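Asks: Just need the structure, nothing else, for what follows:
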Amino acid sequence: MNGAKQRSIGMPRMRRGRLRARQHGASLLEAISYLGIAAIVVIGAVALLSSAFSSASTNSVNEQVSAIQSGVKKLYMGQSASYTGLTNSVLASAGVFPASLTPSSDANATITNTWNGTVTVAAAAAANEFTITYTSVPQSVCVNSVTAGGSWASVSVNGTAYTTMPVTPANASTACSSTDSNTIIWTST
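Replies: Just a heads-up that it's a prediction; the model follows:
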């Protein structure tokens, strides 16, 4: 009986020993590796997110400018190619601006873009042309918007005018020189 008693007492000790042998903890080196991989994933996600926001902003600007261009042409269709009297106020009262650009209630119908810059539509020096001006445009959005092309007579970036559309990426990159305060003027007939 003593032998049987010793076996039953000895068994739990043996099992405890096996359990201890099976338990493994992560070493400091493994923990650092896991944290490094997690950091790389987070940095990659942030980079992709930043790129997605820039792309979305570019698409938004291109859609807004195209909608304004179409709205102005439609509004002035029967005006014998003259955009005399064209202002933000006139366009606001006609509902030309897209919903993403809400005019203020002041007499000038001031419009603020996504970057707190202004959006101004006006008759150009030539009687048969009008301009759409965006200020405070970030560099990445500026380059992508200017190179998108479209049916423009010219595009001016920070005072440099281009009449051949679309503007080349190299020219756009040079013209969109400010990181967060570029001015783009699209001229349409």
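
Asks: Which secondary structure element of the protein has the lowest mean pLDDT?
Replies: Ranked by mean pLDDT, DSSP states H and E, the helix or strand of the chain with the weakest confidence is helix 2-22, at a mean of 53.

Asks: And the top helix by length along the chain, how far out from the chain middle?
Replies: With secondary structure taken from DSSP state H, the chain has its longest helix at helix 28-75. From the chain centre to the centre of helix 28-75 is a distance of 6 Å (CA atoms, centre = their mean, to the nearest Å).

Asks: hmm, who's touching whichever helix or strand comes after that helix?
Replies: Moving toward the C-terminus from helix 28-75, the next helix or strand (DSSP states H and E) is helix 88-94. For helix 88-94, contacts defined as CB atoms under 8 Å, 6 or more residues apart in numbering pick out 68, 71-72, 75, 97, 103, 107-111, 119-121. Glycine gets a C-beta too; all of them are placed from N, C-alpha and C.

Asks: Apply 7 Å and report the result again.
Replies: With contact meaning CB atoms under 7 Å, 6 or more residues apart in numbering, helix 88-94 is reached by 71-72, 75, 97, 103, 107-109, 111, 120-121.

Asks: So which bits of it are buried?
Replies: 88, 90-92 (16 or more other CB atoms under 10 Å).

Asks: now swap in stretch 107-117 and tell me
Replies: Buried residues in stretch 107-117, counted by 16+ other CB under 10 Å: 109, 111, 113-115, 117.

Asks: Save those residues as JSON lines, and put in pLDDT and secondary structure too.
Replies: Converted to JSON lines, those look like this (pLDDT from 0 to 100; DSSP: H, G, I helix; E, B strand; the rest coil):
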{"residue": "109", "pLDDT": "80", "secondary structure": "coil"}
{"residue": "111", "pLDDT": "89", "secondary structure": "strand"}
{"residue": "113", "pLDDT": "89", "secondary structure": "coil"}
{"residue": "114", "pLDDT": "85", "secondary structure": "coil"}
{"residue": "115", "pLDDT": "88", "secondary structure": "coil"}
{"residue": "117", "pLDDT": "92", "secondary structure": "coil"}
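
Asks: List the residue ranges of this protein that fall below the pLDDT cut-off.
Replies: Filtered on pLDDT under 70, the chain yields the residue ranges 1-26, 45, 47-58, 81, 127.
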